[in-house]
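Asks: would you be able to build a 3D model of this:
(chains A and B)
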Amino acid sequence: EAQVTQNPRYLITVTGKKLTVTCSQNMNHEYMSWYRQDPGLGLRQIYYSMNVEVTDKGDVPEGYKVSRKEKRNFPLILESPSPNQTSLYFCASRTGGAVNEQFFGPGTRLTVL
Amino acid sequence: LAKTTQPISMDSYEGQEVNITCSHNNIATNDYITWYQQFPSQGPRFIIQGYKTKVTNEVASLFIPADRKSSTLSLPRVSLSDTAVYYCLVGDDTGANNLFFGTGTRLTVIP
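Replies: Numbers count the residues shown, from 1 in each chain, chains lettered A, B, ... in the order given. Model prediction:
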């Protein structure tokens, strides 16, 4: 089954404790993205990747890091999480250009205390 | 990227046809119009895309007038399971970045 998977689905952590949210897709897509979703602010893009070893900032990259060492994986790293990073996070992938259909993962709900 | 404006929320009764209009006055010649649907606590899901006139699939129809400055997503005979947030996105294929989602329209279907 074609899908985007994220882990963990739920995470409660404390300020300053480094964490990684994994994202994996099995569709051989070149493009992968991370979004965060907050009430009243909609979906905002954090980082995106056009292919292996090629990443760039989205609209809200501060406090986040990403890497793309393999085509299928695109982990999101929070080196020193803060409470304002409490949010619902989505990973997405697509093939081809920006108008092509994006496939989203199930989401990771992160709470930083 | 062309800016889009859509209603924040809409209510509808079950069985009715729902039309959600999106305004995109600054749409460019190469831009496509894409709609996504998002259920609570799930990622958005692509539902339909068009460039001009009318597009129909098994889920919805998309009406785009000749000037393309707006578009209307039409959901026939909605059910409670159509309660979701609907996003209108406008953009072309030239950029590497993704389309801008915004806050969407929250549709609530009432029994």
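Asks: how about residue 37, what does it touch?
Replies: Let's take chain A. Applying CB atoms under 8 Å, 6 or more residues apart in numbering or on different chains, we find A:Q37 in contact with A:L43, A:R44, A:S87, A:L88, A:Y89, A:F90, A:G107. Where you see a C-beta, it was placed from the backbone N, CA and C, and this is true even at glycine.
Asks: can you look at chain B instead?
Replies: B:Q37 is in contact with B:P44, B:R45, B:I47, B:A84, B:V85, B:Y86, B:Y87, counting by CB under 8 Å, 6+ apart.
Asks: what about it, distance to chain A?
Replies: Using CB to the nearest CB, to the nearest Å, we find B:Q37 at a distance of 11 Å from chain A.
Asks: ok so, going back, strands - which of the contacts of A:Q37 land there?
Replies: When these are checked against strands (DSSP state E), the matches are A:L43, A:R44, A:S87, A:L88, A:Y89, A:F90.
Asks: need the contacts of B:Q37 in JSON lines (columns: secondary structure).
Replies: Listed next are those as JSON lines, based on DSSP: H, G, I helix; E, B strand; the rest coil:
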{"residue": "B:P44", "secondary structure": "coil"}
{"residue": "B:R45", "secondary structure": "strand"}
{"residue": "B:I47", "secondary structure": "strand"}
{"residue": "B:A84", "secondary structure": "strand"}
{"residue": "B:V85", "secondary structure": "strand"}
{"residue": "B:Y86", "secondary structure": "strand"}
{"residue": "B:Y87", "secondary structure": "strand"}
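Asks: out of these, which are buried?
Replies: When those are checked for burial by 16 or more other CB atoms under 10 Å in any protein chain shown, the buried set is B:P44, B:I47, B:A84, B:V85, B:Y86, B:Y87.
Asks: widest-spaced pair of these?
Replies: B:I47 and B:V85 (11.8 Å; CB to CB).
Asks: which two in the contacts of B:Q37 are spaced the farthest apart?
Replies: Maximum distance among those (CB to CB): 11.8 Å, for B:I47 and B:V85.
Asks: up against chain A, what does chain B have?
Replies: B:32, B:34, B:36, B:41-46, B:49, B:87, B:91-99, B:101-104 (CB under 8 Å from any CB of the partner chain).
Asks: among those residues, which are located in strands?
Replies: Applying DSSP E to the residues of chain B next to chain A, the entries found in strands are B:Y32, B:T34, B:Y36, B:R45, B:F46, B:Q49, B:Y87, B:G91.
Asks: most neighbours among those, which one?
Replies: Comparing those on neighbour count, B:Y87 comes out first with 26 neighbours (neighbours: other CB atoms under 10 Å in any protein chain shown).
Asks: so what's that one up against?
Replies: Residues counted as contacts of B:Y87 (CB under 8 Å, 6+ apart) are A:G42, A:L43, B:W35, B:Y36, B:Q37, B:Q38, B:P44, B:F101, B:G102, B:G104, B:T105.
Asks: tell me how many other residues crowd A:K71.
Replies: 15.
Asks: and the pLDDT at it?
Replies: On pLDDT, A:K71 comes in at 97.
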